[in-house]
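**Q** Quick one, what's the 3D model for this:
(chains A and B)
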Amino acid sequence: MAEGTIFLQSTNFIDACYIVAFGMFIYGMSGLTGPRTAVRGNLIAATGMALAFIATLLTPHVLSGSSTPWLIALGLVIGTAIGIPAARRVHMTAMPQMVALFNGVGGGATALIAWIEYRHHFGGDFPLKTEIPSLFAAVIGSVSFWGSNIAFGKLQAILPGQPIKLPLQAVINLGLFAVALVSAIILAAGTHSQALFILGILLVAAVLGNMVVLPIGGADMPVVISLLNAFTGLSAAATGVALNNTALIVAGMIVGASGTILTNLMAKAMNRSVPAIVAGGFGGEIAAPAGGDTDRGPVTSTTADDVAIQLSYARQVVIAPGYGMAVAQAQYAVRDLEKALEDRGVRVLFAIHPVAGRMPGHMNVLLAESQVPYELLKEMDEVNPEFSRTDVTLVIGANDVTNPAAKNEPGSPIYGMPILEVDKSQSVIVLKRSMASGFAGIDNPLFYEPQTSMLFGDAKQSVSEVTAAVAAL
Amino acid sequence: MSTITEIAILVLAAFVGFEVISKVPNTLHTPLMSGTNAIHGIVLLGGLLLMHEAHGILEHLLLVIAITFGTINVIGGFFVTDRMLEMFKRKPEPEESAEADE
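**A** Okay, here's the model as predicted:
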């Protein structure tokens, strides 16, 4: 018995567990390359996590001390009690905020751990090899925690979704970053007031996190969430280096890689650079969009019955959903409409812009929830050639991603952004609450095109009315 | 473990991460985010490793918070990812359960 315990607690055994664990992370993530293997992939990754967790508990001394096991248990119980209900209850439409929140607590945990690690070395020997990654984790973890919380607040509409801008924003942010960096260097060089300095660094990073995300508006959220995700991953990897834990290093780097890839994909889909987005959203530029005030002519308004007739006699219909569909929770209504049209022999496709919604893949999740077959979901490059062959395109709560100004008006703030070329289809029906412009505040010339008609009202209700009218035909 | 070994692991993990993740299709980007999100909750282990060395109420409190945060991140992340992926998985089958699930 005793020998068995010693074996289980030996460094070799524990290291072996970590290696198996990170192998399972990688294998699990590679399962995400297809919808069919994805559930199993996620389970494998979760099992790897459980293994790494058990291995850590087996590490000698980890459970030593009379209160240690209880305190660990306390954290685990509270965390589970919060995490599971949150994960079970959250609506698919609220997924971006949920991801932001989970990301934030992860960043917060990293920053706190780095802080404690630092406190343990006050006045004593602190090898640079441990100190530098700890400082990195403290700064980035703190930025990620506060940034994610602000993102959550904006997505949950606790904070205004429009960009909040301060004068000299970029200069202040750079200044803050410089302060954090210099403080970190002073700390690493050795100073007598370490306790104050590390607190100062955490505070500066907190302010920086707030300042970076506050000026970012809703449509840039997919980029920001991905970026913060990458940050938390990198800070976890840094914690791994500080604590000599291979499972942490590998797991953190995988997340860092995934966050970076997504950030770049999203930024590319908006034709903007990541620094430009972080430096501030579209918000500041809308004051004088070139030709923004030109009279674009009248807008044609239509009714659900007319839309139903148009759709029913079409050969091909493309549905282009956007954040408005999520807000109105219209995904089930949209699925019903798609079924009704399919029953009448109409070919229906869904056009998914990479940055439609508030996080990468947001529309796909909503449509998957309402059971739209994923073969019908077409990515931008795939669906754009289809529009010229499409009789009716239904734009549901999408605005900027369909805005032809991105192609035709060099003065437009979104000029150059790849869009869904819905204006090439025979007719376009835009479902919209009112004529208010989208997040970017940019007028959408699409609404004034002769082939476009507008169906005003709540997206869910409008779609349901159309579906009823289609069924009645 | 030597610093060099750790940095080597770090660099290799970054490349493997890039390779694996760049094959994930757009459709699954949200579950990918929440899944990788759950994985970085692994910092929770850092909290476990440090708890027995903690001194004073402040450090214990901070570590309990860190472990709580990490647990929310891991458990919540994997749960919500599983929920999402189940929706993608059942797709190819006929949709009898569609109404029942609402």
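**Q** For whatever residue of chain B ends up closest to chain A, the count of nearby residues, please.
**A** Closest contact between chain B and chain A, by C-beta to the nearest C-beta, is at B:T71 (2.4 Å). Bear in mind the C-beta positions are built from the backbone N, C-alpha and C, glycine included. Applying other C-beta atoms under 10 Å in any protein chain shown, we find 26 residues neighbouring B:T71.
**Q** repeat for A:V428
**A** There are 24 residues near A:V428, going by other C-beta under 10 Å.
**Q** go on, B:N26?
**A** 18.
**Q** residues touching it, list them.
**A** Applying C-beta atoms under 8 Å, 6 or more residues apart in numbering or on different chains, we find B:N26 in contact with A:I352, A:P354, A:P360, A:G361, A:N364, A:E379.
**Q** if you set the cut-off to 10 Å instead, what comes out?
**A** A:L265, A:A269, A:I352, A:P354, A:P360, A:G361, A:M363, A:N364, A:L377, A:E379, A:M380, B:L32 (C-beta atoms under 10 Å, 6 or more residues apart in numbering or on different chains).
**Q** do the same with A:G48
**A** Counted by C-beta under 10 Å, 6+ apart, A:G48 has contacts A:17-18, A:20-29, A:247, A:250-251, B:39, B:42.
**Q** which element is it on?
**A** helix A:35-58 (DSSP states H and E).
**Q** Beyond that helix, next helix or strand please.
**A** helix A:68-89.
**Q** Flag every buried residue along that following helix.
**A** The neighbour-count check on helix A:68-89 (16 or more other C-beta atoms under 10 Å in any protein chain shown) flags A:68, A:71-72, A:75-76, A:78-80, A:82-84, A:86-87 as buried.
**Q** Any idea how far it is from the middle of the chain?
**A** Its chain's C-alpha centre and that of helix A:68-89 lie 24 Å apart, by C-alpha atoms, centre = their mean, to the nearest Å.
**Q** Can you dump the C-alpha atoms of that helix in PDB for me?
**A** Presented in PDB, the C-alpha positions along helix A:68-89 are these (Å, rounded to 0.1, in the frame of the first residue of the first chain):
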ATOM      1  CA  THR A  68      -5.500  23.000   2.500                       C
ATOM      2  CA  PRO A  69      -7.800  20.200   1.300                       C
ATOM      3  CA  TRP A  70     -10.800  22.000   2.600                       C
ATOM      4  CA  LEU A  71      -9.900  25.300   1.000                       C
ATOM      5  CA  ILE A  72      -9.300  23.600  -2.300                       C
ATOM      6  CA  ALA A  73     -12.600  21.800  -2.000                       C
ATOM      7  CA  LEU A  74     -14.300  25.000  -1.200                       C
ATOM      8  CA  GLY A  75     -13.100  26.700  -4.400                       C
ATOM      9  CA  LEU A  76     -14.100  23.600  -6.400                       C
ATOM     10  CA  VAL A  77     -17.500  23.500  -4.900                       C
ATOM     11  CA  ILE A  78     -18.300  27.100  -5.400                       C
ATOM     12  CA  GLY A  79     -16.900  27.100  -8.900                       C
ATOM     13  CA  THR A  80     -19.000  24.000  -9.900                       C
ATOM     14  CA  ALA A  81     -22.100  25.500  -8.300                       C
ATOM     15  CA  ILE A  82     -21.700  28.600 -10.400                       C
ATOM     16  CA  GLY A  83     -20.300  27.000 -13.600                       C
ATOM     17  CA  ILE A  84     -22.700  24.200 -14.200                       C
ATOM     18  CA  PRO A  85     -26.000  26.100 -13.900                       C
ATOM     19  CA  ALA A  86     -24.600  29.000 -15.900                       C
ATOM     20  CA  ALA A  87     -23.600  26.600 -18.700                       C
ATOM     21  CA  ARG A  88     -26.900  24.700 -18.700                       C
ATOM     22  CA  ARG A  89     -29.200  27.700 -18.600                       C
END
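**Q** circling back: please list only the buried members of the contacts of A:G48.
**A** For the contacts of A:G48, buried by 16+ other C-beta under 10 Å: A:17-18, A:21-22, A:24-26, A:28-29, A:247, A:250-251, B:39, B:42.
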